[in-house]
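Student: pasting a predicted model and its sequence here:
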Amino acid sequence: MLRVVVFALAVAVASASMTWKNCGTPQDICPPSNVTMSPDPAPRGGSATFTITCTASAVTSGGTIVVDAYIGSTKVKHEEFKYCDITKCPQPTGVRTTVNKQEIPSIAPKGAKITTHTVATDQNGKAISCLEINFQTN
């Protein structure tokens, strides 16, 4: 019986881990190939660091990044950034790694399921990448 309880707890803890998916297309300039978050789960009133890796097929010298954040199904934040304000431009072809630190509000409910949906487009309006990240607060 104890083994069953330990296994159930391990599954519950594992299911709370951050997940991500590429919401773009194979034609995107730099589709994400790996995403990590530290710490996981995200601390309320602290910060979480996201590391995103992709392989670019073209140089990026400008563009826009749009981020929408949800708690459950409720949109709680919408932000737009100039691409070159977030990362050094121009960005070359090949492997790119972006590190982004995000503050987690202390008013976020404990165990809140948070989803971010990020779309980046280049200086010509072509899709760079689309990324959806799902995580929880502690």
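Tutor: Noted; the coordinates are in hand.

Student: helices of the chain, start to end?
Tutor: Applying DSSP state H to the chain gives helices spanning 2-15, 83-86.

Student: in terms of mean pLDDT, which of those ranks lowest?
Tutor: Among these, helix 2-15 has the lowest mean pLDDT, at a mean of 35.

Student: ok, residue 93 - contacts?
Tutor: Applying Cβ atoms under 8 Å, 6 or more residues apart in numbering to residue 93 gives the contacts 56-59. C-beta here means a position set from N, CA and C on the backbone, and glycine is covered the same way.

Student: which among these end up buried?
Tutor: residue 56 (16 or more other Cβ atoms under 10 Å).

Student: could the contacts of residue 93 go into JSON lines alongside distance to residue 127 and pLDDT?
Tutor: Below are the contacts of residue 93 laid out as JSON lines (distance: Cβ to Cβ, whole Å; pLDDT from 0 to 100):
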{"residue": "56", "distance to residue 127": "12", "pLDDT": "98"}
{"residue": "57", "distance to residue 127": "11", "pLDDT": "98"}
{"residue": "58", "distance to residue 127": "11", "pLDDT": "97"}
{"residue": "59", "distance to residue 127": "15", "pLDDT": "97"}
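
Student: among the helices and strands of this structure, which has the poorest mean pLDDT?
Tutor: One helix or strand of the chain scores below all others by mean pLDDT, DSSP states H and E: helix 2-15, with a mean of 35.

Student: mind saving the C-alpha coords of stretch 24-42 as PDB?
Tutor: Backbone C-alpha positions of stretch 24-42 (Å, rounded to 0.1, in the frame of the first residue of the first chain) are rendered in PDB as follows:
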ATOM      1  CA  GLY A  24       4.400  27.500 -34.900                       C
ATOM      2  CA  THR A  25       5.000  25.900 -38.200                       C
ATOM      3  CA  PRO A  26       8.000  24.200 -39.800                       C
ATOM      4  CA  GLN A  27       8.400  27.300 -41.900                       C
ATOM      5  CA  ASP A  28       9.200  29.500 -38.800                       C
ATOM      6  CA  ILE A  29      12.700  31.100 -38.800                       C
ATOM      7  CA  CYS A  30      13.700  29.700 -35.400                       C
ATOM      8  CA  PRO A  31      11.300  27.000 -34.000                       C
ATOM      9  CA  PRO A  32      12.000  26.200 -30.400                       C
ATOM     10  CA  SER A  33      13.900  22.900 -29.800                       C
ATOM     11  CA  ASN A  34      14.300  23.100 -26.000                       C
ATOM     12  CA  VAL A  35      12.900  25.100 -23.100                       C
ATOM     13  CA  THR A  36      13.900  24.900 -19.400                       C
ATOM     14  CA  MET A  37      12.600  26.700 -16.400                       C
ATOM     15  CA  SER A  38      14.400  27.200 -13.100                       C
ATOM     16  CA  PRO A  39      13.200  26.800 -10.400                       C
ATOM     17  CA  ASP A  40      10.200  24.600 -11.200                       C
ATOM     18  CA  PRO A  41       7.600  25.200  -9.800                       C
ATOM     19  CA  ALA A  42       7.800  29.000 -10.100                       C
END
